[in-house]
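S.K.: From the sequence below, what's the structure:
(chains A, B, C and D)
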2 protein chains.
Amino acid sequence: MRTVPVAVDGMLHVGELEIRPDEGLALASGQALMLSVREFALLVALARRAGTIVSREELYDSVWGGPMRSGDRSVDVYVSKLRGKLERVLPDRRFIHTHAGFGYRLHPQPSRDLYNGSIAG
Amino acid sequence: MRTVPVAVDGMLHVGELEIRPDEGLALASGQALMLSVREFALLVALARRAGTIVSREELYDSVWGGPMRSGDRSVDVYVSKLRGKLERVLPDRRFIHTHAGFGYRLHPQPSRDLYNGSIAG
DNA sequence: ACTCGTTGTTCACAAGTCGGTCACGAGGGC
DNA sequence: GCCCTCGTGACCGACTTGTGAACAACGAGT
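M.R.: The predicted structure is shown next:
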């Protein structure tokens, strides 16, 4: 048995994360993450705009569809769940960064890098 | 780019599983598995897409042929039977992973390596 | 034709997971 | 301090998945 490389479009890469939206599969350093439907949709929504700040409203619309009622904490809760699962596989990495008052940003840097250098980009 | 398993000589390999679709034979660490026709077809369908999540609908179509009626639990039942037989031969391994809401994935890694025993989410 | 073992299918209940919400606490800005 | 935002554990109803059991269909052997 051998393996051959295959080009697959529609995949998203963010650092050591590989996300296959069509399939519902996310890999962290090659290991499959066991994500629920909501968790996966949230990860996809963040990954599609990796590196940029995405507001809660926009995330809510992407994942739940429709406008977010004020006071709804669903996005926060699912960000927390997603962080937990990512952290279990890649303990030294931080992917989801909070920008208080603005939203969340997916980026593969350790959080300490944010305070050493620039936040732009 | 990623890699996918390719059958060079008509055989499929997934971890210590060796599957010969033409012969109807499946070996686990060299030992033959006693599988029924349905069980074998399901294993082949999963093995052909090893490492990826395969939906129930697709598995049903591969094994039974034709669309799955909603509420049909045949796939679940046969996954359970297959797991039982694999486990008898390779007790420490877990091959068939459930991705709730998505489908099943065949992969030779023990699930506890991924989650340290807890899969809460 | 009868019996025996096997298989495929379906059912029913058990077990587990998910999604949504709440509550409480930490931390920052004023 | 007070207010606001955010993180997260806990809870619970709804849903999904796991699996033993029942049973009919089938084939092989006698």
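S.K.: could you pull out the helices for chain A?
M.R.: With DSSP state H, the ranges of helices along chain A come out as A:37-48, A:56-63, A:74-89, A:112-116.
S.K.: pLDDT value on the nearest residue to residue A:49 once chain neighbours are set aside, please?
M.R.: The spatial neighbour of residue A:49 that comes closest, neighbours along the chain excluded (Cβ to Cβ, 6 or more residues apart in numbering or on different chains), is residue A:106 at 7.5 Å. The C-beta positions use only the backbone N, C-alpha and C, and glycine is treated the same way. Reading off the confidence values, residue A:106 has pLDDT 97.
S.K.: Residue A:106 and residue A:96 touch, don't they?
M.R.: Yes. Using Cβ atoms under 8 Å, residue A:106 is in contact with residue A:96, at 5.9 Å.
S.K.: the more surrounded of the two?
M.R.: Between residue A:106 and residue A:96, residue A:106 has the larger neighbour count (other Cβ atoms under 10 Å in any protein chain shown), namely 24 against 18.
S.K.: that older thread, separation between the residue nearest to residue A:49 and residue A:79?
M.R.: The span separating residue A:106 from residue A:79 equals 10 Å under the rule Cβ to Cβ, to the nearest Å.
S.K.: what sits in contact with each of the two?
M.R.: Jointly contacting residue A:106 and residue A:79 under the rule Cβ atoms under 8 Å, 6 or more residues apart in numbering or on different chains are residue A:96.
S.K.: Who are the contact partners of whichever residue of chain A sits closest to DNA strand D?
M.R.: Nearest residue of chain A to DNA strand D, counting by Cβ to the nearest atom of the strand: residue A:98, 3.4 Å away. For residue A:98, the contact set (Cβ under 8 Å, 6+ apart) comprises A:79, A:104.
S.K.: Only C-alpha atoms, please: export stretch A:85-95 in PDB.
M.R.: Below are the C-alpha coordinates for stretch A:85-95, written out as PDB (Å, rounded to 0.1, in the frame of the first residue of the first chain):
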ATOM      1  CA  LYS A  85     -11.600  20.800  22.200                       C
ATOM      2  CA  LEU A  86      -8.800  22.500  20.300                       C
ATOM      3  CA  GLU A  87      -6.700  22.900  23.500                       C
ATOM      4  CA  ARG A  88      -7.000  19.200  24.300                       C
ATOM      5  CA  VAL A  89      -5.300  18.300  21.000                       C
ATOM      6  CA  LEU A  90      -2.900  21.300  20.800                       C
ATOM      7  CA  PRO A  91      -2.400  22.500  24.300                       C
ATOM      8  CA  ASP A  92       0.300  25.000  23.500                       C
ATOM      9  CA  ARG A  93      -1.600  26.800  20.800                       C
ATOM     10  CA  ARG A  94      -4.300  29.400  21.100                       C
ATOM     11  CA  PHE A  95      -6.400  29.800  18.000                       C
END
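S.K.: any idea of the mean pLDDT in it?
M.R.: The predicted model gives stretch A:85-95 an average pLDDT of 94.
S.K.: And it, what's buried?
M.R.: Residues A:85, A:86, A:88, A:89, A:90, A:93, A:94, A:95 are the ones in stretch A:85-95 that count as buried (16 or more other Cβ atoms under 10 Å in any protein chain shown).
S.K.: now, among the residues you listed, which is nearest to residue A:65?
M.R.: Taking Cβ to Cβ as the measure, residue A:65 sits nearest to residue A:85 out of the buried residues of stretch A:85-95, at 22.8 Å.
S.K.: The closest one contacts residue A:40, correct?
M.R.: No. Taking Cβ under 8 Å as the contact criterion, residue A:85 and residue A:40 are not neighbours in contact, 10.3 Å apart.
S.K.: For chain A, name the helix or strand with the lowest mean pLDDT.
M.R.: Comparing every helix and strand of chain A by mean pLDDT, DSSP states H and E singles out helix A:112-116 as the least confident one, with a mean of 43.
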